[in-house]
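Peer 1: Here's a sequence, model it:
(chains A, B, C and D)
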There are 2 protein chains.
Amino acid sequence: MDQNKIPQATAKRLPLYYRFLNNLNQQGKKRVSSKQLSEAVKVDSATIRRDFSYFGALGKKGYGYNVEYLLGFFRSTLDQHEVTEVALIGVGNLGTAFLNYNFLKNNNIRITMAFDADQEKVGKDIGGIPIYHIDELDEKLKDIKVAILTVPATEADTITNKLVEKGISGILNFTPARITVPENIRVHHIDLAVELQALVYFLKHYSLDS
Amino acid sequence: MDQNKIPQATAKRLPLYYRFLNNLNQQGKKRVSSKQLSEAVKVDSATIRRDFSYFGALGKKGYGYNVEYLLGFFRSTLDQHEVTEVALIGVGNLGTAFLNYNFLKNNNIRITMAFDADQEKVGKDIGGIPIYHIDELDEKLKDIKVAILTVPATEADTITNKLVEKGISGILNFTPARITVPENIRVHHIDLAVELQALVYFLKHYSLDS
DNA sequence: GAGAAGTCGTGATATTTTTCACAATTGAGT
DNA sequence: ACTCAATTGTGAAAAATATCACGACTTCTC
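Peer 2: Numbers count the residues shown, from 1 in each chain, chains lettered A, B, ... in the order given. Predicted coordinates for the structure are as follows:
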């Protein structure tokens, strides 16, 4: 859309900055330097300054950044002024964890409905979020553009196709399946087993250095 | 240790390749090309060939890769012949999801114990994994080198320090807190709120291209 | 066994991301 | 008002990662 020049690596760090700034603000802190931020979020201070600089000159030389100003800036950049509604598909263990997870704390993202194939679960609600049957996707999933996918891997493709048909824009996929979607739809994969295996691999092969 | 030359980006993809090769092998497939792999795991075929090439010439020109051979190679590279024991700290919603998650399917990583501060949970077990009180960390956490951290953010630092004292090598941190550890300890962060926010950001600012 | 189609491995190149390092500027202290 | 320590923003360089493109080799078909 507008700011296509912002590197992806930078974009991925924005929510992290936002959260920490929010904390600082709640603590009543007025100013912060890239060095302090760096220690808190574990990102090199030069990288932080570079990230911020894509949005213009947000700080003052010799002073640092004004917390309130920076927070306000990120709030509008990250669209925190409007609520983004998200649907969760698959109310298993992981799905349930999400429904109980309070995304709203610092964050204008809200899971507003969940779907599952299990009639036992349908009709109930978890954390105030209603659970519908997966066959009700068509009627219930109105303008929701983002879905969290926590179904069994075997169901991933079928359900993805349904979501695509319904005009979804983004999927956060916790399934081990690498789902196939049209190229205008964005999928982020979070693969828990892969993450754990990668960590173990790093420990065995890269120990004692970065 | 040995193969410090392997790029981190490559190392992170290895478990993904491994899992897919395992699937192929179970399906009785004998050969696979980088192009087929590419479609399945959504990684450019040239990148896959490059990744493999760090380990030497694993394929045959004009033919592709022998599934069984490649699988065996990755099995030893990823240390799948020996079991890696992992401890889980924090048996909340997310922690419970992990205990029920079957890491063993394609994978020699096993959660062998869990810890929590809640006396209600201590003494029980979930998915066959015993839950100890967090104060028992000292006695119970013998040679375990990897921990999954699923405690509330407020507890993250305290518990991290305990783990560090006990000689942990790696932590998979699901806490929003950016924990501080000595530099010989490796931490991977999986920050669910950040991932979701980043996805939403990409949808709003990068739509209709990469 | 000759030709065609398929595929790897990799040098070269492009792209992305991180880091260095320093001039410019600011605020605080005296 | 002056000095000094702190800090930004950024050009330039470095490092990491991804991709292109092609020679060399393999298998398949006729």
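
Peer 1: residues in contact with the longest helix along chain A?
Peer 2: What stands out as the longest helix in chain A, according to DSSP state H, is helix A:8-26. Helix A:8-26 has contacts (CB atoms under 8 Å, 6 or more residues apart in numbering or on different chains) with A:32, A:37, A:40-41, A:43, A:48, A:50-51, A:54, A:67-68, A:70-71, A:74-75, A:77-78, A:80, A:106-107, B:176, B:178, B:191, B:193-194, B:197-198, B:201-202, B:205-206. No exception for glycine: its C-beta is placed from N, CA and C like everyone else's.

Peer 1: Check stretch A:195-209 too.
Peer 2: B:1-4, B:6, B:8, B:11-12, B:14-15, B:18, B:78-79, B:84, B:86, B:103, B:107, B:109, B:145-146, B:148, B:169-170, B:172, B:184, B:186, B:188, B:190.

Peer 1: That stretch and DNA strand D, are they touching?
Peer 2: No: using CB under 7 Å from any atom of the strand, we find that stretch A:195-209 stays clear of DNA strand D, coming within 10.2 Å at best.

Peer 1: what comes up buried for that stretch?
Peer 2: Residues of stretch A:195-209 classed as buried by neighbour count (16 or more other CB atoms under 10 Å in any protein chain shown): A:195-206.

Peer 1: can you give me the helices in chain A?
Peer 2: Assigned helices in chain A, in chain order: A:8-26, A:34-41, A:45-53, A:67-77, A:93-100, A:137-140, A:156-165, A:192-205 (criterion: DSSP H).

Peer 1: hmm, the first one in reach of DNA strand C?
Peer 2: Yes: using CB under 7 Å from any atom of the strand, helix A:8-26 comes into contact with DNA strand C via A:8-10.

Peer 1: of the residues you listed, closest to A:Glu136?
Peer 2: Among the residues of helix A:8-26 next to DNA strand C, A:Gln8 lies closest to A:Glu136 (CB to CB), at 35.1 Å.

Peer 1: That closest one: neighbour count?
Peer 2: A:Gln8 has 11 neighbours, counted by other CB atoms under 10 Å in any protein chain shown.

Peer 1: do A:Thr84 as well
Peer 2: The number of residues near A:Thr84, taken as other CB under 10 Å, comes to 24.

Peer 1: Dig out what it forms beta bridges with.
Peer 2: Beta-bridge partners recorded for A:Thr84 (DSSP bridges): A:Ile109.

Peer 1: still on that earlier bit, pick out whichever of the residues of helix A:8-26 next to DNA strand C sits closest to B:Ala114.
Peer 2: Nearest to B:Ala114 among the residues of helix A:8-26 next to DNA strand C is A:Ala9, at 34.4 Å by CB to CB.

Peer 1: wait, does stretch A:181-192 make contact with chain B?
Peer 2: Yes: under the criterion of CB under 8 Å from any CB of the partner chain, chain B is reached by stretch A:181-192 at A:184, A:186, A:188, A:190-192.

Peer 1: Run through the residues of chain A sitting next to DNA strand C.
Peer 2: Residues of chain A lying near DNA strand C by CB under 7 Å from any atom of the strand: A:7-10, A:43-44, A:46-47, A:49-50, A:60-63.

Peer 1: and the two most separated of those residues?
Peer 2: Across those, the longest distance by CB to CB is 31.2 Å; it joins A:Gln8 and A:Gly62.

Peer 1: per-residue pLDDT, A:Tyr101?
Peer 2: Per-residue pLDDT puts A:Tyr101 at 85.

Peer 1: and it, what does it touch?
Peer 2: By CB under 8 Å, 6+ apart, the residues touching A:Tyr101 are B:93-94, B:192.

Peer 1: ok, and which of those residues reach chain A?
Peer 2: By CB under 8 Å from any CB, the members of the contacts of A:Tyr101 lying near chain A are B:93-94, B:192.

Peer 1: quick check, nearest of those residues to DNA strand D?
Peer 2: Set against DNA strand D, the nearest of the ones next to chain A among the contacts of A:Tyr101 by CB to the nearest atom of the strand is B:Leu192 (22.2 Å).

Peer 1: Do I have it right that that closest one meets B:Phe174?
Peer 2: Yes: B:Leu192 is within contact range of B:Phe174, at 7.1 Å (criterion: CB atoms under 8 Å).

Peer 1: Identify the residue of chain A closest to DNA strand C, quick one.
Peer 2: Minimum separation of chain A from DNA strand C (CB to the nearest atom of the strand) falls at A:Gly62, amounting to 2.5 Å.

Peer 1: quick one: low-confidence parts of chain A?
Peer 2: Along chain A, the parts satisfying pLDDT under 70 run over A:1-4, A:104-106, A:207-210.

Peer 1: ok so, going back, give the ChimeraX command for selecting the buried subset of the residues of chain A next to DNA strand C.
Peer 2: To isolate the buried ones among those in ChimeraX, judged by 16+ other CB under 10 Å, type:
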select /A:10,43,49
